[in-house]
Each structure stands twice: as C-alpha cells, then as structure tokens.
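*Asks:* Let's see this in three dimensions:
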Amino acid sequence: MGKHADERRVDLVPGDTKTAVRSTQPPNQVQHKPVLNSLVGGAMAGAVAKTSIAPLDRTKIMFQVSSNRFSAKEAYRLIYATYKAEGLLSLWRGNSATMARVVPYAAIQFCAHEQYKRLLSRYYYPTGRPLPPLPRFLAGAFAGVTAVMLTYPLDMMRACMAVTHKEMYSSVVHMFVRIRREEGVATLFRGFSPTILGIIPYAGLSFFTYETCKNLHRDYSGRREPSPMERLLFGGCAGLLSQTASYPLDVVRRRMQTSVVTGGARMALVHGGSGHGHPAATAHPMLLMGEPRGAGGAYTSVLSTARLIVREEGFRRGLYKGLSMNWVKGPICTGISFTTFDFIQDVFRWLGLT
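*Replies:* Below is the predicted model of the structure:
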C-alpha cells in the first residue's frame, strides 16, 4: 500500500517536500481538486472570522454612518445599550446577511488568489520560486476585485441590516424584495465605486503581507510552515496594514450604502414628519442624531461623499472614524481567516485530497 502511494506522488521542484498526484487520475479530477479545496477553505475561513468579530463590526458601522464622534467609551456604551434594549443576539444583527455575503466572497477571494498566483508564477518563476513583491500584491488585488464584483449586492444589504432594527428587514430575502420594490435594483449597487477602489489596496496588501511574512519565516527559521500562533500573528499584521490603508474608502462606501435607510428618516424629522413609512424610519436611533446629511444627492459619488464628511466632521475624525476599533477587530479577523484557510488546506493534504 505504501509503495503504491509513493508511486503516485512526485516532487514538484527539487528540494520541495510538497507532493502532487500523478496524471494517472482523470485530468479533470486533478485540475478541479485545488479549486474545490480553495473554495471550501475560503468559505470556512470567512465564516469563522466574521462571526467572531460580528458585534465589533456592527458597532463600527454604526459610527461610520453617523455624525457622532468615536471613542472606546462611546463604543462600549453603544454595545451595552444595544444589548440592554434588544438582547445579546442583537449584537449579531445582520450576521445572516454577513454570512450570505462572506461565505461566497471569501470562497471566491481565496480561490481566485490561488489561481492568480499560479498564472503569475508561470510568467515570472515557472520553477516554483516565490513570487516577487509586485505580482504578489497584484494576485491579492485581483482576487479582491473578482470577489467584490461577484458578491457586492450582498455587502450592501448586510451594511443596511447592521444599522436598522429587525422590524424593518426580517431577512436578506425580505430586504432584497423591499429595496427592489421601493428603491429599485440600482440601489443594491450604491457605493460600488469606493468599494472597488478600496479593495485594491486592502486585498493587495493583505495577501502581500501575509505571504511575505510566511516567506521570511521560511527563509530565516528553516521551517517550511509556521505554527498556528505564528500564522495568527502574520495575519494580524496583514489586517492592520491593509485596513489602515483602505479605511477612508471604507467609511465613504458605508455612507453611500446606508444612505438609503438613514438619510430619509433624518430629513423627515427635520421637516416635521415622523419618517414613518419610509424605509429609514426604523433606523437605529443613534443614526437619527445630529444634522441630516446626504441631502440633494450628496452621497451619489465618492468625491461628494468624502468632501461632505471632511467638511462636517473633519479629515481625521470623519474619514478615520472608528479606525481604533478596526485596529482591534481587523487583525483578529484577518488572522483567524488566514489561519483557518491554511488549516483547512493542511487537513485536505493530510487526507490526501490535494
């Protein structure tokens, strides 16, 4: 049995301990396995990572789309007030929409990254050497853009569910039907431009940093693979750098995405109405504080939204609002995501499914 198994495996490159299945298996099975493994690993990585930081993520979005100043004390107050008013599970409000988006998004992103790495490797280093810095960045950026383009409406719906009460949208399907009927299908793509612009540095730097850390670890430690704790650390560094670089565009896209459910209620209140009947009428009370913003189509473009935020809230307090919370949740989420994906791939290799 062992001899037969050995005959079916070959070294990829001299000195490389990785093995590959010989072409004695059907060609389509050999080609499809890496894709399926990446899809499954990416889906599980995204689900585990996002669920672990869902309460912090929802709190961050609430501050991003409001005019209130952010601080750790105010964030704690908001989390506690939400828990007292709506219960513990309300802190995971919108997580179903998050899973509906993150599972396909992460699956596509990780799978696309592996495929882009293979394509770029054939051009740069067909012998199997690690990619140089620029194509390493491009592989991550292309993977992020691919995933966003295929899953964006789910991200928009998730953001809206995070800033509304459960009476407004009972499920992702209910939200889709209501927005399509009351606002039009085009509303599902509000904020698409800043998302694409932001995902390039975010995904590019994230994968670039993580892959670079692993390469440096292998070169200086003499060990082929890092430990789980080292992977968490490398992923944390990747999340810290990538989210800091792309954060202003993240704030802009959240304002554009959620204006459909936050702007109308504020305008109704200002003009003496209750806002009842408008989709924004059940927006979180925090989002109805302060002056109404986004009137006159101010949230219809990246530049107009950014200018409005800077004018009313300042550059640092506006475009970087909630960044300190992202420095807590971002590294945790990214570290868990990369570590989970690598762990799943190790399991597949151990089971002989690669």
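*Asks:* ok, T195 - contacts?
*Replies:* Going by C-beta atoms under 8 Å, 6 or more residues apart in numbering, T195 touches V148, Y152, D155, L249, R253. Yep, even glycine has a C-beta here, placed from its N, CA and C like the rest.
*Asks:* switch to 10 Å and redo it
*Replies:* If you count contacts by C-beta atoms under 10 Å, 6 or more residues apart in numbering, T195 has them with 144-145, 148-149, 152, 155-156, 189, 202, 246, 249-250, 252-254, 256-257, 302.
*Asks:* any idea how far it lies from I79?
*Replies:* 26 Å (C-beta to C-beta, to the nearest Å).
*Asks:* One more: F348?
*Replies:* Remark: distance between F348 and I79 (C-beta to C-beta) = 38 Å.
*Asks:* Could you do M157 as well?
*Replies:* Counting by C-beta to C-beta, the gap from M157 to I79 is 23 Å.
*Asks:* So for the two, which residue has more residues nearby?
*Replies:* M157 (24 against 16; other C-beta atoms under 10 Å).
*Asks:* Tell me if I'm right that that one and V177 touch.
*Replies:* No. Contact between M157 and V177 fails when scored by C-beta atoms under 10 Å: they sit 11.0 Å apart.
*Asks:* between those two, what contacts are shared?
*Replies:* Y169.
*Asks:* Can you list the low-confidence ranges for the stretch 151-300 of the chain?
*Replies:* In the predicted model, the stretch 151-300 of the chain carries pLDDT under 70 at residues 162, 166-167, 260-298.
*Asks:* Which residue ranges of it form helices?
*Replies:* 172-182, 192-221, 228-270 (DSSP state H, counting those that start in this stretch).
*Asks:* Just the angle for the second one relative to helix 228-270, thanks.
*Replies:* So the one you mean is helix 192-221. 160 degrees (axes from the mean of the first three to the mean of the last three C-alpha atoms, to 10 degrees).
*Asks:* Pull out the buried positions in helix 192-221.
*Replies:* Neighbour counts using 16 or more other C-beta atoms under 10 Å place 192-196, 198-214, 217 of helix 192-221 among the buried residues.
*Asks:* That one: how far from the chain's middle?
*Replies:* 13 Å (C-alpha atoms, centre = their mean, to the nearest Å).
*Asks:* for the last one, same thing?
*Replies:* Averaged C-alpha coordinates place helix 228-270 at 9 Å from its chain's average position (C-alpha atoms, centre = their mean).
*Asks:* Output the contacting helices and strands for that helix.
*Replies:* The helices and strands touching helix 228-270, judged by 3 or more C-beta pairs under 10 Å, 6 or more residues apart in numbering; DSSP states H and E, are helix 27-52, helix 54-64, helix 133-162, helix 172-182, helix 192-221, helix 302-313, helix 323-350.
*Asks:* Quick one: distance of stretch 343-354 to the chain centre.
*Replies:* On C-alpha atoms, centre = their mean, the centre of stretch 343-354 falls 25 Å from the chain's centre.
*Asks:* Repeat that for stretch 332-339.
*Replies:* Mean-position distance between stretch 332-339 and its chain equals 11 Å (C-alpha atoms, centre = their mean).
*Asks:* Average pLDDT for it, rounded please.
*Replies:* Averaging pLDDT along stretch 332-339 gives 94.
*Asks:* Excluding covalently adjacent residues, which one is nearest to the residue positioned nearest the centre of the chain?
*Replies:* Geometric centre of the chain, nearest residue: V102, 6.9 Å, by C-alpha atoms, centre = their mean. Ranked by C-beta to C-beta, 6 or more residues apart in numbering and with sequence neighbours excluded, the top spatial neighbour of V102 is G46, at 4.1 Å.
*Asks:* S324 now?
*Replies:* Computed as C-beta to C-beta, 6+ apart, the closest residue to S324 that is not its neighbour in sequence is A72, at 6.8 Å.
*Asks:* pretty sure that neighbour contacts M325?
*Replies:* Yes. Using C-beta under 10 Å, A72 is in contact with M325, at 7.6 Å.
*Asks:* Which one's more surrounded, the two?
*Replies:* M325 (20 against 10).
*Asks:* residues touching that one, list them.
*Replies:* The contact partners of M325, by C-beta under 10 Å, 6+ apart, come to I53, L56, D57, T59, K60, F63, Q64, F70, S71, A72, A75.
*Asks:* Now do the fourth one: how many residues are near it, please.
*Replies:* This points to T59. If you count neighbours by other C-beta under 10 Å, T59 ends up with 23.
*Asks:* Hmm, Y76 and it touching each other?
*Replies:* Yes. Between T59 and Y76 a contact is recorded at 9.0 Å, counting by C-beta under 10 Å.
*Asks:* number of nearby residues for Y124?
*Replies:* Neighbours around Y124, by other C-beta under 10 Å: 15.
*Asks:* Next one: it, what pLDDT does it get?
*Replies:* At Y124, pLDDT is 77.
*Asks:* Would you confirm that it contacts L134?
*Replies:* Yes. Assessed by C-beta under 10 Å, Y124 is found in contact with L134 at 9.2 Å.
*Asks:* Just put the helices and strands packed on helix 228-270 in CSV and tack on distance to S90.
*Replies:* Listed next are those as CSV, based on distance: least, C-beta to C-beta, whole Å:
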stretch, distance to S90
helix 27-52, 15
helix 54-64, 9
helix 133-162, 11
helix 172-182, 17
helix 192-221, 26
helix 302-313, 27
helix 323-350, 18
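*Asks:* buried ones in stretch 219-230?
*Replies:* Going by 16+ other C-beta under 10 Å, stretch 219-230 has these buried residues: P226, E230.
*Asks:* Quick one: end-to-end distance for it.
*Replies:* End-to-end distance for stretch 219-230, by C-alpha to C-alpha, to the nearest Å: 14 Å.
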